[in-house]
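Visitor: Take this sequence and fold it.
(one chain, ligands or ions: 1)
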Amino acid sequence: MTGSTGRVLRGIAAAVLGFAVCAAAPVQDADQKTITLVHLTDVHMRPGFNAPERFRLALRDVRSRKPALIINTGDTLDGSADAEVKWASWQAAVAAEIGDIPLFNLLGNHDIDAPLTREVACAQLRMPSRYYRFDRFGWRFLMLDGNGFAADQEQWDWLARELREAPAGMPIAVASHHPIFSMGATIHSPGDQIGRWKELVALFATHPNVKLCLGGHSHLADVTRYNGVTYTTGGSVSGYWWELEKSSDGKGSYQQTPPGYNVIRLAPSGVVSVDYVRYPDPATR
Ligand SMILES: [Zn+2]
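Guide: Purely as a prediction, here's the structure:
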């Protein structure tokens, strides 16, 4: 390495560090004690049903809540047909509507429908790898790849190591597309839960740092508190996949869950509240 190259690299490192410090500064709620996390899931971007425009209504509503961060738990795309058009709609909506709010994504099953690949989906979703971690507001977030999780020993080992090595007292949130524990899925579609979910529930019970689990996939909104962990499945932004005629109420709902997203308030010590909210979309009113 030459001296000038070293200086350049140190400059880049400083810039990255500066960004990290800046980005880590929490945007606290008015009470100065909590932050708002918006949990989106199952956007199922598609060209029809006015989905791109209706998704923008959802993001505008999200932005009005001034969240510190947004987590999207996948099925961003509605399958592989016209994938480039769908990704372009997603990118345009995100660029136009969320401003500088940090957005963290993970992979749903439809984001990698053949012939789509994890590599392309990770790049489109600006993910460093198919599973990863990040820290915000004193919390550690572990973002899983729920696709094929049951047979994915490498990822299981990573998760177990992350839990073992996390700083004492640091609250942990685990996010996956397939819910780890969901009452709605238990009622309507037990197969929707992530593989080895009973083992995960038992594992988390031995790590009291784990406070929150975020999931999607079922399009059902529920919150279950079990062994000190708040498990929530965030309904879906797309409801009945943006369709009205097939929906359970003619207004976009799947089962009893309307289109919406989770608003979660986090304190340094744990989860304060989880609320599933609708967004103003004239098509669903
Ligand atoms: Zn799914």
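Visitor: all contacts plus neighbour counts: C-alpha atoms, from now on.
Guide: Will do.
Visitor: Show the contacting residues for G191.
Guide: By C-alpha atoms under 8 Å, 6 or more residues apart in numbering, the residues touching G191 are A185.
Visitor: can I assume it sits in a strand?
Guide: No. Applying DSSP: H, G, I helix; E, B strand; the rest coil, one finds G191 to be helix, outside a strand.
Visitor: wait, what's in contact with the nearest residue to H178 once chain neighbours are set aside?
Guide: Of all residues not flanking H178 in the chain, I194 sits nearest, at 4.9 Å (C-alpha to C-alpha, 6 or more residues apart in numbering). I194 is in contact with 146, 149-150, 178-180, counting by C-alpha under 8 Å, 6+ apart.
Visitor: and if we set it to 6 Å?
Guide: 178-180 (C-alpha atoms under 6 Å, 6 or more residues apart in numbering).
Visitor: doesn't L69 make contact with F104?
Guide: No. In this structure F104 lies outside contact range of L69 using C-alpha atoms under 6 Å: 7.9 Å.
Visitor: Now the common contact residues for those two.
Guide: Common neighbours of F104 and L69 (C-alpha under 6 Å, 6+ apart) do not exist.
Visitor: Show the pLDDT at A14.
Guide: On pLDDT, A14 comes in at 36.
Visitor: what residue ranges in the stretch 1-150 of the chain score low on pLDDT?
Guide: Low-confidence segments of the stretch 1-150 of the chain (pLDDT under 70): 1-26.
Visitor: who wins for most neighbours among the contacts of I194?
Guide: Within those, neighbour counts (other C-alpha atoms under 10 Å) peak at H178, which reaches 30 neighbours.
Visitor: quick one: contacts for it?
Guide: Counted by C-alpha under 6 Å, 6+ apart, H178 has contacts 146, 193-194, 215-217.
Visitor: And S80, by the same measure?
Guide: D113.
Visitor: Grab the nearest non-local neighbour of H219.
Guide: Per C-alpha to C-alpha, 6+ apart, closest to H219 is G235, 4.3 Å.
Visitor: Quick check: the gap between that neighbour and I194.
Guide: The gap separating G235 from I194 is 16 Å, by C-alpha to C-alpha, to the nearest Å.
Visitor: now do G79
Guide: Distance from G79 to I194, counting by C-alpha to C-alpha: 20 Å.
Visitor: again, but for L142
Guide: Relative to I194, L142 is positioned 15 Å away (C-alpha to C-alpha).
Visitor: Tell me how many other residues surround T230.
Guide: 20.
Visitor: Cool, thanks, signing off.
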